[in-house]
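Student: Any chance you could fold what I've pasted below:
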Amino acid sequence: MTQFNLTDDKLCVVFESRLDSFNCSKIESDLMKQIAETEKPIEFDLKEVEFVASSFLRICLSSFQKVGVDRFSIINMGPNVKKVFKIAGMDSLLTME
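Tutor: As a prediction, the model looks like this:
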């Protein structure tokens, strides 16, 4: 289940468990709708995420393109997830904490 937490300064999206192709297809339209409706920076919280598929990388790129480089970040990445982003070369493109 994905949680959308809107505060005064950002939209924090909290993801859970596995972000495989099936789960990404279920959340993508809701996520893009939330991003389109807010003009705030976006933060993806991956604290509970153990696996990401290439479809999630695409979601990250789409979100990044919609809000801009200084308004998109990913936090709480585990080492296995961070490794996927590094292999894809996205660690130099996206703000990751």
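Student: Would you map the strands across the chain?
Tutor: Secondary structure of the chain (DSSP state E): strands located at 3-6, 11-19, 42-52, 72-75, 95-96.
Student: could you dump these to TSV with mean pLDDT and mean neighbour count?
Tutor: Placement of C-beta: from N, CA and C, glycine included. Putting those into TSV (pLDDT from 0 to 100; neighbours: other Cβ atoms under 10 Å) gives the following:
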stretch	mean pLDDT	mean neighbour count
strand 3-6	93	12
strand 11-19	93	19
strand 42-52	96	19
strand 72-75	95	20
strand 95-96	84	16
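Student: how far away is the residue lying closest to Val67 once chain neighbours are set aside from Met32?
Tutor: In this structure, Val67 finds its nearest non-sequential neighbour in Ile42, 5.2 Å apart by Cβ to Cβ, 6 or more residues apart in numbering. Distance, Ile42 to Met32, by Cβ to Cβ, to the nearest Å: 11 Å.
Student: Overlap in contacts, those two.
Tutor: Counting by Cβ atoms under 8 Å, 6 or more residues apart in numbering, the contacts common to Ile42 and Met32 are Ser63.
Student: middle-most residue in this protein, spatially?
Tutor: By Cα atoms, centre = their mean, the chain has its centre lying nearest to Phe44, at 4.1 Å.
Student: Nearest to Lys82, out of the strands of the chain?
Tutor: When the strands of the chain are compared by Cβ to Cβ, strand 95-96 sits nearest Lys82, at 6.9 Å.
Student: What helices and strands are in contact with the closest one?
Tutor: When contacts are defined as 3 or more Cβ pairs under 8 Å, 6 or more residues apart in numbering; DSSP states H and E, strand 95-96 sits against strand 72-75.
Student: List the buried residues in stretch 87-97.
Tutor: Met90, Asp91, Leu94, Met96 (16 or more other Cβ atoms under 10 Å).
Student: Greatest separation within those residues: which pair is it?
Tutor: Going by Cβ to Cβ, the pair spanning the buried residues of stretch 87-97 furthest: Met90 and Met96, at 8.2 Å.
Student: Same list, the strands of the chain, but as TSV with distance to Lys82 please.
Tutor: Output for those, formatted as TSV (distance: least, Cβ to Cβ, whole Å):
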stretch	distance to Lys82
strand 3-6	21
strand 11-19	14
strand 42-52	9
strand 72-75	9
strand 95-96	7
